[in-house]
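**Student:** next comes the sequence, and after it the predicted model I'd like to discuss.
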Amino acid sequence: MSEQQRRVALVTGGSRSVGKGIALALGSDGWTVYVTARGEVGTDSPLDRTAAEITERGGEGIAVQCDHSDDAQIEKLFARIAEEQGGRLDLLINNVWAGPADGYAGFSQPFWQRPVTDWDALIGLGLRAHYVASVEAAKLMVPRGSGIIGNISSFGTRGYLHSVLYGMSKAGLDKMAADMAVELKGTGVTALSFWLGLIRNEAMIASGMDSFEGFSLADAETPEFVGRVIVALANDPNIEQRSGDTLITAETALDYGVTGDDGGQPVSHRAPFGGGPLFGSVH
């Protein structure tokens, strides 16, 4: 693929786990991929290594230090992309996330025993920062008449998962995609939200556990599986018909023939979380 044809993506929180997997899958498909994290770049950091592997796979990886809790840094990030890519941005994946200050241990107590400052990470970063990035992405995409804004959400929208604030943030992402789709109708820009199943990432593998919250790691999705699903969607010429929808990655994979890393098919968590239709726009 020539430099003129190379599509451009931004994956926030791209140093590890889901963000890294999505970025690498895009790299394998020949994209220019900007990846962000709070850590310094140019120091052989995890983000630097993600960018290098994107390039090794045939894409172009660009690591950018960005604290997504700071609106000014987000705006500067998009200004850089616009300048370097001639105003082109084909895909934004809102993935950056932070839990409570004490990590997953912070999910072991009920909301009234937790500090209200948990809001700053789970809502301020987990929801507000995605809105700010989406605003900046739309400013680039709408004039060009194309683009995809995708939110990494969760089954925590439908059923209780981790904490009150976690569920609130994920439900907000789904509603945001649905309502953005209404205002984006006719622009050529698509808004989506993704429900991922259990992810067999670096931390899960290192822990040695074989199940989490009752779900088997053997049937779990991998970060790159999620990435391949997103690549398939991005390559679908009819993607705009899905705008506003919340998509279950394990089920969407079946639509496009995407399989797991081992050739198997990760299991959808729809039934354990109550079944029923997904949140989405009215087409």
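**Tutor:** Looks like it arrived, so ask away. Note that the coordinates shown come from a computational prediction; the quantities given were computed from them, not determined experimentally.

**Student:** how about the strands in the protein?
**Tutor:** Along the chain, counting by DSSP state E, strands occupy 8-11, 32-37, 60-65, 91-94, 147-154, 189-196, 211-212, 215-216, 246-248.

**Student:** rounded mean pLDDT for the last one, please.
**Tutor:** Taken as a whole, strand 246-248 has an average pLDDT of 96.

**Student:** for the remainder of this discussion, apply numbering that starts at 9.
**Tutor:** From this message on, residue numbering opens at 9, which makes the last subject strand 254-256.

**Student:** hmm, who's touching that strand?
**Tutor:** 161, 165, 182, 185-186, 200-203, 205, 241, 276-278, 286-288 (Cβ atoms under 8 Å, 6 or more residues apart in numbering). For the C-beta atoms, the positions are set from N, CA and C on the backbone; glycine is no exception.

**Student:** kindly report the same for the fifth one.
**Tutor:** Strand 155-162 is touched from outside by 26-27, 97-103, 105, 138, 142, 145-146, 148-149, 169, 174, 178, 181-182, 184-185, 188, 196-204, 238, 241-242, 247, 254, with contacts defined as Cβ under 8 Å, 6+ apart.

**Student:** and the strands of the chain as CSV, adding distance to P118 and mean neighbour count?
**Tutor:** Below are the strands of the chain laid out as CSV (distance: least, Cβ to Cβ, whole Å; neighbours: other Cβ atoms under 10 Å):
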stretch, distance to P118, mean neighbour count
strand 16-19, 34, 28
strand 40-45, 31, 28
strand 68-73, 36, 20
strand 99-102, 28, 29
strand 155-162, 20, 26
strand 197-204, 25, 26
strand 219-220, 21, 14
strand 223-224, 23, 13
strand 254-256, 27, 22
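
**Student:** closest one to V124 among the ones you listed?
**Tutor:** Closest of the strands of the chain to V124 is strand 155-162, at 22.1 Å (criterion: Cβ to Cβ).

**Student:** just the CA trace of the closest one, in CSV.
**Tutor:** The C-alpha coordinates for strand 155-162 follow below in CSV (Å, rounded to 0.1, in the frame of the first residue of the first chain):
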residue,chain,number,x,y,z
GLY,A,155,-14.4,7.8,9.3
ILE,A,156,-15.2,5.5,12.2
ILE,A,157,-15.3,6.4,15.9
GLY,A,158,-15.3,3.3,18.0
ASN,A,159,-15.7,3.0,21.8
ILE,A,160,-14.3,0.0,23.8
SER,A,161,-17.2,-0.7,26.1
SER,A,162,-18.3,-3.7,28.1
